[in-house]
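Asks: One predicted model, sequence on top.
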Amino acid sequence: MNGRCAHLRNSWAASGGRAGAGARGFTLVELVIALTLVSLIMLGLLSAMRALGDTGTRLEGRALKADELRLVTAFLRQSLGSASPRADPVSGDGTLSVHFEGAGQTLQWLGVMPPRHGVGGLTHMRLGLIERGQVLALQYQPFDPLQPQPDWSGIEPHWLVEGVEGFALRYQALEGGQWRSEWSDAAYIPGRVQLAIEDGEGAWPLIVVQLQHAMPGVTNP
């Protein structure tokens, strides 16, 4: 019995006091390789998540841009398309003039403001650039027969498009023909108005508005 115990003690000592001679831990090199692989995997996951976030941001920006273009275009088509050919006296001799003045970057007209915008009815409107030419804005004032032309200097502008880098207006008579850079005919309104808008993301599709009530020579409807 004592001999067997001695033999077991000798075997334990020979194995270095370990439960199994074949069992061992990771070496330092193996540990470094494992940590490197984990780091690379984490870096790849973070890059993929960042790319996914950037894609989502771009898609959201494009959706907002499309909504802005659609809303601004729809509003201009409705409000400018309803431009009235009404003419009122502008001097003591009874000379009549329509409420339409078009320049290269400024447009004033008498149209119908959609009721959902809080005004409704026949309204003076002015479209032009403000903020050093970087914002396309609209001003409006309810029509008053006793005050044919409003004082635009005291009327608050409402921003339509920010970050404008280019804006141009052109006009065409109802009968067609050449597009003009300004409209100065006091007797009638044009048949079509073209709006070219460009912002930091590029040029918008050309907006061509057909004026529904364009009838040369017709006044005081």
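Replies: Looks like it came in fine. Residues are numbered from 1 along each chain as shown.

Asks: make it CA atoms for all contacts and neighbour counts henceforth
Replies: Fine.

Asks: Count the residues that sit near Ala74.
Replies: For Ala74, the neighbour count with other C-alpha atoms under 10 Å is 14.

Asks: Wait, a helix at it?
Replies: Yes - counting by DSSP: H, G, I helix; E, B strand; the rest coil, Ala74 is part of a helix.

Asks: I'd assumed Ser84 was in contact with Gln108.
Replies: No - contact criterion C-alpha atoms under 8 Å: Gln108 and Ser84 do not qualify, at 11.4 Å.

Asks: So for the two, which residue has more residues nearby?
Replies: It is Ser84, of Gln108 and Ser84, that has more neighbours when counted by other C-alpha under 10 Å, with 25 against 21.

Asks: for that one, what are its contacts?
Replies: Residues counted as contacts of Ser84 (C-alpha atoms under 8 Å, 6 or more residues apart in numbering) are 99, 109-111, 213-214.

Asks: The residues you listed into JSON lines, with extra columns for neighbour count and secondary structure?
Replies: Listed next are the contacts of Ser84 as JSON lines, based on neighbours: other C-alpha atoms under 10 Å; DSSP: H, G, I helix; E, B strand; the rest coil:
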{"residue": "His99", "neighbour count": "23", "secondary structure": "coil"}
{"residue": "Trp109", "neighbour count": "23", "secondary structure": "strand"}
{"residue": "Leu110", "neighbour count": "27", "secondary structure": "strand"}
{"residue": "Gly111", "neighbour count": "26", "secondary structure": "strand"}
{"residue": "His213", "neighbour count": "19", "secondary structure": "coil"}
{"residue": "Ala214", "neighbour count": "21", "secondary structure": "coil"}
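
Asks: Sketch out the low-pLDDT regions of the chain for me.
Replies: 1-25, 56-64, 90-94, 116-120, 148, 216-221 (pLDDT under 70).

Asks: So for it, the centremost residue is which one?
Replies: Lys65 (3.6 Å; C-alpha atoms, centre = their mean).

Asks: In contact with that one, which residues?
Replies: For Lys65, the contact set (C-alpha under 8 Å, 6+ apart) is empty.

Asks: Surely it is within a strand?
Replies: No - assigned with three-state DSSP, Lys65 falls outside any strand and is helix.

Asks: Distance check, it against Leu80.
Replies: 22 Å (C-alpha to C-alpha, to the nearest Å).

Asks: cool, and Glu162?
Replies: Per C-alpha to C-alpha, Glu162 is found 20 Å from Leu80.

Asks: quick one: which of the two has more around it?
Replies: Just comparing Glu162 and Leu80: by other C-alpha under 10 Å the higher neighbour count belongs to Leu80, 25 against 16.

Asks: What is the subsequent helix or strand relative to the helix or strand harbouring the more buried one?
Replies: For Leu80, the host element (DSSP states H and E) is helix 28-81. Proceeding N to C from helix 28-81, the next assigned helix or strand is strand 87-89, under DSSP H and E.

Asks: Can you list the helices and strands that that following strand packs against?
Replies: Counting by 3 or more C-alpha pairs under 8 Å, 6 or more residues apart in numbering; DSSP states H and E, the packing neighbours recorded for strand 87-89 are strand 96-98.

Asks: Which strands border the strand it packs on, and is each parallel or antiparallel?
Replies: According to DSSP bridges, strand 96-98 forms sheet pairs with strand 87-89 (antiparallel).

Asks: Show me which positions of the strand it pairs with end up buried.
Replies: The neighbour-count check on strand 87-89 (16 or more other C-alpha atoms under 10 Å) flags 87-88 as buried.
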